[in-house]
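K.L.:
Sequence and predicted structure are below.
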Amino acid sequence: MRKLNGIHLRHSKNTAGCKTEVMELPNEVIIPMNMNMGAHSIPIVKPGDHVDVGQKIGDTDKFLSAPVHSSVSGTVKAITEIRAMNGVCQAIKIETDGQQTVSEDVAPPEIKDRESFIKALRESGLTGLGGAGFPTHIKSNSKTPIDTLVINAAECEPHITSDHRQMVEAPDDVIGGIKLVLKYLDIPKAVIGIENNKPDAIAILNEKTASEPDISVKVLPSVYPQGAEKVLIYNITGRMVMERQLPSDQGVIVMNVSTVAYINTYITTGMPLCERRITVDGDTIKKPCNLLVKIGTPVSKILDYAECDKDRVKKLIMGGPMMGMCAYEEDTVVGKSNNAVLAFEKIAEKVQTNCIRCGRCISVCPMDLMPTDIEKAYQRRDIEALKKLKVTLCMNCGCCTYACPAGRSLAEVNQLAKGIIPRN
Amino acid sequence: MTTQKIMLCVIISLMPALVMSGVIFGLRALMLIATCISGSILFEGVCRIIMKREQTISDLSAAVTGILLAFNLPVTLPLWMALVGCFVAIVIVKQLFGGLGQNFANPAIVARIVLMVSFTADMTKWAVPQYWHEGGSEIVTGATPLVTKDASWIDLLTGFTGGCLGETCAIALIAGGIFLIVMRIISPVTPIAFIGTAAILSFIWGISNGDMSFALEHTGYQVLSGGLLLGAFFMATDYVTTPITAKGKLIFGIGCGLITFLIRQFGSYPEGVSFSILLMNIVTPYIDRFTMKKPVGGLKEEKAK
């Protein structure tokens, strides 16, 4: 088995020891309708309606969707359009009443079999909490037989520690969630893949899984992008998810560690996904922390809580520094798949020069792509060459851009190049 | 890492050889180096202004070209000829093709070859090391040990033999090369393949033309004298003009070693390093095409009908 390429990053896990704090209720939340990969939800409440915590406020019957629930109790002020991280979408603005009265719909679901389990997953509104936001009920409903559940606890991005805190603070939810998934999806074994820079979490998981013969912990080297789905599957099972394949085609399902922990929470309490743990860090943040925030909380409130010097912020990133998205404005809100808010003043500004063909981008690409050749093919809009260079295999990990001494935006060009290849 | 830092590392790695060229060939050597550096930077700057492109002299690549060109010149070369070399390297080979990263051949190599063909007599005058001890006002010249084989092993290693400015001191060149490998600026594949191929072929040639001791001595001369070490560590590892993958670098290095051996043993020039690198520069796009990386998890492309 060969080793996939990657890069060694400074971990900067400044908040690894910070116990999760519960942020006070914001006076208003704005809940986007596009928090999952796939179809947007459609609001099912109207301005003036009273909503309770856990009440369903948006849904659609389209494929690849997940319902949206209110994270607070209060009054719907408006249905607006916002510029969220992944595009313009509808959003529901709710003024909180501070009571946090729980909706009467919230009750532990009745689970009898695989079908009712998957139905419950959909009703929970759960989408991948690691970043991509893939609806969990779709992933779980694989037609091909699955022999391994891979739990992604790598958390390979610098700064982010929300999964880490999940494992340290609530390991029983993690184990409980894994057991539920194994039981109802009829998967024989689970492997938790975790980077070796989290020794405390590894110790806890080892202790908790000692009496679980079906669950094992695999400690992986801290090489970015260890937590990328294909990389993780390969490093744990030795199987490569080929072009145009899904992990399930290789008999594997990957779930993020916080996602699987939430499954346990939902099955026991019936409370839909209304809040999540995020890491707040960056050189403008005086009080780096891990926070439990309501979905739809404005980022500006979070920055205030963490005592951010907002005037100094040059770059506001939702997610990690490698794969996160830059926020356009501090009015952005926390969605289901945001695991961090990073506010930086000092940003690496490389001078862009011509490509000097040093080959660093090629030697760091985990997929063995040739980013410099892809860039040249893109510049001449050579679709045949781009297909041959397999640009569609790029998972946008950003190693090439990071490694490039000429300061070229190679990962970005890969995404643009994917866009000009016609789909068939 | 930035382009500028990479170039700075290359300059640092060339410093031991630069100092030794001063020790061995005197002040005039340093003057020649200074002329080549300033000439290269000047041509680069003027070119960018005339072409109305952004200024690039701060990336230090022109300085590197200047040093490498000077290292390939004999100490007695008139300064104006060195400037002609700078013009060829920077203006014709580099900037006319679009500047850094766009040239297909190594600028310093082409400049050396142009000077070699144009001013053969001046380019093959090898000064005796520390000629100022020999007395008289004229610089005393001799032949390259690649041909005469009269240098001792110590002289070959420390560089006290005839030859171009920067190519004689094996120890300084190897130290610089190791520095670049340790700093991960260059891949060890090219120099090992290049020097290894040349050494093995020379040894085989030696064995078939004499006994074991002759073969060993012949191999030693082939590796340590002439421009082999300078070429293998600093010119055949130029990013721009050599293959980009490790497999490609291996083929490139072996090709350079083979051509160097053939020219030295059977050609009419005593030295073949420059030509071998230039020839391999030319086939680099083809090597690149045949050594493309196979993406992980990629499916074979169905043949279009």
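P.N.:
That came through fine.
K.L.:
rest of the way, CA atoms for contacts and neighbours
P.N.:
Noted.
K.L.:
can you list the residues of chain B near chain A?
P.N.:
Residues of chain B found near chain A (C-alpha under 8 Å from any C-alpha of the partner chain) are B:1-3, B:6, B:100-101, B:239-240, B:244-245, B:293-299, B:301.
K.L.:
Filter the residues you listed down to the buried ones, PyMOL style.
P.N.:
Buried residues within those, by 16 or more other C-alpha atoms under 10 Å in any protein chain shown, are selected in PyMOL with:
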select buried, chain B and resi 2+3+6+100+101+239+240+244+245+293+294+295+296+297+298
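K.L.:
how many neighbours does residue B:268 have?
P.N.:
Other residues within reach of residue B:268, judged by other C-alpha atoms under 10 Å in any protein chain shown, total 9.
K.L.:
other SSEs contacting the helix or strand bottoming out on mean pLDDT in chain A?
P.N.:
Counting by mean pLDDT, DSSP states H and E, chain A has its least confident helix or strand at strand A:325-326, which shows a mean of 88. Packed against strand A:325-326 by the contact rule (3 or more C-alpha pairs under 8 Å, 6 or more residues apart in numbering or on different chains; DSSP states H and E) you find strand A:315-318.
K.L.:
for the strand it packs on, the distance to its chain's centre please.
P.N.:
Chain-centre distance of strand A:315-318: 15 Å, with C-alpha atoms, centre = their mean, to the nearest Å.
K.L.:
State the distance from the residue in the stretch 201-305 of chain B that chain A sits nearest to to residue A:177.
P.N.:
Closest approach between the stretch 201-305 of chain B and chain A, counting by C-alpha to the nearest C-alpha: residue B:297, at 4.2 Å. Remark: distance between residue B:297 and residue A:177 (C-alpha to C-alpha, to the nearest Å) = 31 Å.
K.L.:
Pretty sure the residue of the stretch 201-305 of chain B closest to chain A sits in a helix.
P.N.:
No - with DSSP: H, G, I helix; E, B strand; the rest coil as the criterion, residue B:297 is coil rather than part of a helix.
K.L.:
Strands of the stretch 51-200 of chain A, start to end?
P.N.:
All strands of the stretch 51-200 of chain A, identified by DSSP state E, counting those that start in this stretch, fall at A:56-59, A:68-69, A:74-84, A:87-96, A:148-153, A:189-195.
K.L.:
Between those strands, which one is closest to residue A:28.
P.N.:
Among these, the nearest to residue A:28 by C-alpha to C-alpha is strand A:87-96 (4.5 Å).
K.L.:
Name the helix or strand for residue B:190, please.
P.N.:
If you go by DSSP states H and E, residue B:190 is part of helix B:189-208.
K.L.:
which strands and helices sit next to that helix?
P.N.:
In terms of contacts (3+ C-alpha pairs under 8 Å, 6+ apart), helix B:189-208 is packed against helix B:212-224, helix B:246-266.
K.L.:
And whichever residue of the stretch 51-200 of chain B sits closest to chain A, how close does it get to residue B:56?
P.N.:
The minimum distance from the stretch 51-200 of chain B to chain A, using C-alpha to the nearest C-alpha, falls at residue B:101 (4.4 Å). Per C-alpha to C-alpha, residue B:101 is found 12 Å from residue B:56.
K.L.:
so where is the chain shaky, pLDDT-wise?
P.N.:
Using chain A. Applying pLDDT under 70 to chain A flags residues A:424.
K.L.:
Correction: the question concerned chain B.
P.N.:
Scanning chain B for pLDDT under 70 picks out B:135-148, B:301-305.
K.L.:
mind listing the strands for it?
P.N.:
With strands called from DSSP state E, chain B shows them at B:126-127, B:141-142.
K.L.:
Adjacent strands (with direction) for the following helix or strand past the least confident helix or strand of chain A?
P.N.:
Next along the chain after strand A:325-326, taking DSSP H and E as the criterion, comes strand A:340-344. Partner strands and pairing direction for strand A:340-344 (DSSP bridges) are strand A:275-281 (parallel), strand A:315-318 (antiparallel).
K.L.:
Tabulate those (JSON lines), appending distance to residue A:338 and mean neighbour count.
P.N.:
Converted to JSON lines, the strands paired with strand A:340-344 look like this (distance: least, C-alpha to C-alpha, whole Å; neighbours: other C-alpha atoms under 10 Å in any protein chain shown):
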{"stretch": "strand A:275-281", "distance to residue A:338": "7", "mean neighbour count": "26"}
{"stretch": "strand A:315-318", "distance to residue A:338": "6", "mean neighbour count": "23"}
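K.L.:
can I get those in CSV with distance to residue A:251?
P.N.:
Formatted as CSV, the strands paired with strand A:340-344 follow (distance: least, C-alpha to C-alpha, whole Å):
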stretch, distance to residue A:251
strand A:275-281, 29
strand A:315-318, 32
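K.L.:
where does the residue of chain A positioned farthest from its centre fall, phi/psi-wise?
P.N.:
Distance from the C-alpha centroid of chain A, by C-alpha atoms, centre = their mean, peaks at residue A:356 (34.7 Å). The phi/psi pair for residue A:356 (degrees, to the nearest 10) reads phi -100, psi 10.
K.L.:
Run through who's touching the helix holding residue B:190.
P.N.:
B:212, B:214-216, B:218-220, B:222-223, B:228-229, B:232-233, B:236-237, B:246, B:249-258, B:260-261 (C-alpha atoms under 8 Å, 6 or more residues apart in numbering or on different chains).
K.L.:
These, buried ones only, as a PyMOL selection?
P.N.:
Selection of buried members from these for PyMOL, criterion 16+ other C-alpha under 10 Å:
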select buried, chain B and resi 215+216+218+219+220+222+223+228+229+232+233+236+237+246+249+250+251+252+253+254+255+256+257+258+260+261
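K.L.:
in the stretch 1-150 of chain B, what residue is nearest chain A?
P.N.:
Of all residues in the stretch 1-150 of chain B, residue B:2 sits closest to chain A, at 3.9 Å by C-alpha to the nearest C-alpha.
K.L.:
ok, is stretch A:375-388 in contact with chain B or not?
P.N.:
Yes - with C-alpha under 8 Å from any C-alpha as the criterion, chain B is reached by stretch A:375-388 at residue A:388.
K.L.:
Find the residue at the geometric middle of chain B.
P.N.:
Most central in chain B under C-alpha atoms, centre = their mean is residue B:231, positioned 3.2 Å from the mean C-alpha point.
K.L.:
ok, now chain A?
P.N.:
Most central in chain A (C-alpha atoms, centre = their mean) works out to residue A:131, at 1.4 Å.
K.L.:
Kindly provide the distance from that one to residue A:332.
P.N.:
Distance, residue A:131 to residue A:332, by C-alpha to C-alpha: 16 Å.
K.L.:
and chain A, which of its residues are near chain B?
P.N.:
Selection of chain A residues close to chain B by C-alpha under 8 Å from any C-alpha yields A:240-243, A:350-351, A:353-359, A:362, A:366-370, A:388-390, A:393, A:403-407.
K.L.:
hang on, residue B:13 packs against residue B:182?
P.N.:
No - using C-alpha atoms under 8 Å, residue B:13 makes no contact with residue B:182, being 10.9 Å away.
K.L.:
out of these two, which sits in the busier spot?
P.N.:
residue B:13 (21 against 12).
K.L.:
Great, nothing more from me.
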